[in-house]
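> I need the structure of the sequence given here:
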Amino acid sequence: MPNERSQFDLEQAVVAPLFGFAAHPERSAALGEIHARPHPVLETPSVLIQIAFMTEAGSTKDEALLRELSHLAGAAAPGRSVRQHAMPWWKGSLRWERHTEFSTYLWIGPLDADGPEPGDVPFGSGFQPPGAAISGIRLELRERTAAAEQLVASFDPGSLCLSLVEAGSATVATDFQQDADGLTRILVLDGGLSPERLGALCQRVMDLETYRTLAMLGLPLAQSLSLRTRHMEDRLATLTGEIREAERRDSQTLLSELTDLAAELEADAAASLYRFGASRAYDGIVEERLAELGEQPLSGFDTLQAFLQRRLAPAMRTCRSVEERQANLSQKLARAADLLRTWVDVEVENQNRDLLASMNDHAHAQLRLQQTVEGLSVAAVSYYVVGLVGYLAKGGGVFGHAVAPELVTAVSVPVAVVTIWWLVRKARRAHGGIADRT
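Here you go, the predicted structure:
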């Protein structure tokens, strides 16, 4: 068996202080990240069975399962903050790793003639999965002999991928098909690699299957959103046509429909944002792993890179296409809404202009009515003033005045009219000046 530290001690090591200086709180995590996923150290022959579970809801189930498995194996349970853990498990070992939205359980054991028994791996009926299984792999590591090479014939020739890797020191074969247990079969033939290089090679090959499956999760979502986006594009075209028809345009209704359409689009974009971003990231990891393999093609067979590029690249282009259509549609919706708001603003301004014109006409009518009333009021007040003067003139005869009351009344008429008119005009001008100042 490999040495215990390389096989089981996967928890992050404590970083020693730097000359006793105060360390940045994230220094340990930053330095330890480069060693966060150590490759297994493998011996030939071996069998590796790995299952990936989606655990985006949290790590509680993972922690409970690991505590139970550690108890059964007589090993110490991992801490809550660790991202990887390993323990001896009967004939082999069990390695667990936590990722962003999934976790992997890798069982490594000796390759028996008939393969592992159901009780030799922790994936039987008593195993409580922490989430939905997304990927399963059975990798057989054998010496590259004539007998082992005959096992290539057990793969489906329609999708068989066979290539030399590690500068020709190993051969990898798979058909990306699932066996009766739902596991993707992979065969690695060792031509003389060290245990460390074998572990790195097998880890890369398993990563190809895990990450290409995760990358493909974006395709069903893209296909469903593609149809919805098409309907939105058609609705936008219809609304844009109605905006152009000024006679039939109902700006408020159209603006409401555009707002509803924009909200629906943003909801779809928000729902797909993480999934499409994750698919891009997983696709990038697949490309990195393929480049690290350094495949050398064998005549008459597909390489892993050629096969995956034919299947994976169109799916990733579909996801990118839907993202771009959503972004373009969002921009078009914004422009249409801005155009319609401009029309609404123009209509409101026209309504305000008509309202102000109506108010101006009403003010002019009020002014004319006021001037008429003022003229009548001058006549009425003058009449009462002249009447008072007449009464005074008649009363003055008692004191012996010789002036006839009729003459006094007649003379007071123009004086009263001019005086009252002047006073009314002066008051109107005073009120007008106060209004101008306010």
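> how about the strands in the chain?
Assigned by DSSP state E, the chain shows strands spanning 46-54, 84-89, 92-98, 102-110, 132-143, 161-165, 170-178, 184-190, 296-297.
> Could you save these as a markdown table and add columns showing mean pLDDT?
Output for the strands of the chain, formatted as a markdown table (pLDDT from 0 to 100):
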| stretch | mean pLDDT |
| --- | --- |
| strand 46-54 | 94 |
| strand 84-89 | 86 |
| strand 92-98 | 90 |
| strand 102-110 | 92 |
| strand 132-143 | 94 |
| strand 161-165 | 96 |
| strand 170-178 | 95 |
| strand 184-190 | 96 |
| strand 296-297 | 94 |
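> In TSV: those strands, plus distance to residue 196 and mean neighbour count.
No exception for glycine: its C-beta is placed from N, CA and C like everyone else's. TSV is the format used below for the strands of the chain (distance: least, Cβ to Cβ, whole Å; neighbours: other Cβ atoms under 10 Å):
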stretch	distance to residue 196	mean neighbour count
strand 46-54	14	22
strand 84-89	16	20
strand 92-98	15	21
strand 102-110	14	21
strand 132-143	14	19
strand 161-165	15	21
strand 170-178	13	20
strand 184-190	13	23
strand 296-297	21	14
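> Now those in a markdown table, please, with extra columns for distance to residue 20.
Formatted as a markdown table, the strands of the chain follow (distance: least, Cβ to Cβ, whole Å):
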| stretch | distance to residue 20 |
| --- | --- |
| strand 46-54 | 43 |
| strand 84-89 | 30 |
| strand 92-98 | 33 |
| strand 102-110 | 38 |
| strand 132-143 | 46 |
| strand 161-165 | 46 |
| strand 170-178 | 46 |
| strand 184-190 | 47 |
| strand 296-297 | 51 |
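> of the ones you listed, which approaches residue 19 most closely?
strand 84-89 (29.8 Å; Cβ to Cβ).
> Neighbouring strands - and their directions - for the closest one?
strand 92-98 (antiparallel) (DSSP bridges).
> List the contacts of the strand it pairs with.
Strand 92-98 has contacts (Cβ atoms under 8 Å, 6 or more residues apart in numbering) with 7-8, 10, 37, 40, 55, 59, 62, 66, 69, 73, 78, 82-88, 103-110, 120, 122.
> now the lengthiest helix in the chain and strand 184-190, what's the angle there?
Scanning the chain for the helix with the most residues, using DSSP state H, yields helix 304-396. For helix 304-396 against strand 184-190, the angle by axes from the mean of the first three to the mean of the last three Cα atoms, to 10 degrees is 130 degrees.
> I'd like the distance between the residue nearest to residue 132 when sequence neighbours are not counted and residue 210.
Spatial nearest neighbour of residue 132, excluding adjacent residues (Cβ to Cβ, 6 or more residues apart in numbering): residue 54 at 4.9 Å. Computed as Cβ to Cβ, to the nearest Å, the residue 54 to residue 210 distance reads 12 Å.
> try residue 261
39 Å.
> Between these two, point out the one with more neighbours.
A count of neighbours by other Cβ atoms under 10 Å puts residue 210 above the other of residue 261 and residue 210, at 24 against 19.
> Confirm for me that that one is in contact with residue 133.
No - using Cβ atoms under 8 Å, residue 210 is not in contact with residue 133; the gap is 11.4 Å.
> what do the two both touch?
residue 52.
> show me what contacts the residue lying closest to residue 214 once chain neighbours are set aside?
Of all residues not flanking residue 214 in the chain, residue 282 sits nearest, at 4.6 Å (Cβ to Cβ, 6+ apart). By Cβ under 8 Å, 6+ apart, residue 282 lies in contact with 211, 212, 214, 215.
> Buried ones in stretch 230-244, by neighbour count?
Buried residues in stretch 230-244, defined by neighbour count with 16 or more other Cβ atoms under 10 Å: 232, 235, 236, 239, 240, 243.
> what's the neighbour count on residue 224?
13.
> And the pLDDT for it?
As predicted, residue 224 sits at a pLDDT of 94.
> got the contact list for it?
Here residue 224 is in contact with no residue (Cβ under 8 Å, 6+ apart).
> Excluding chain neighbours, give the residue nearest to residue 36 in space.
residue 83 (6.3 Å).
> The one you found reaches residue 38, doesn't it?
No - using Cβ under 8 Å, residue 83 is not in contact with residue 38, being 11.6 Å away.
> Out of the strands of the chain, which is closest to residue 426?
strand 46-54 (90.5 Å).
> picking that back up, I'd like the list of the contacts of residue 282 that fall within helices, please.
211, 212, 214, 215.
> Show me which pair in those residues is furthest apart.
Most distant of these, by Cβ to Cβ, are 212 and 214, 7.4 Å apart.
> Could you tell me how far the nearest residue to residue 158 once chain neighbours are set aside is located from residue 307?
Taking Cβ to Cβ, 6+ apart, and ignoring the residues beside it in sequence, residue 158 has residue 175 as its nearest neighbour in space, at 7.7 Å. For residue 175, the distance to residue 307 (Cβ to Cβ) stands at 9 Å.
> Mutual contacts of these two, please.
Joint contacts of residue 175 and residue 307 (Cβ under 8 Å, 6+ apart) are 159, 161.
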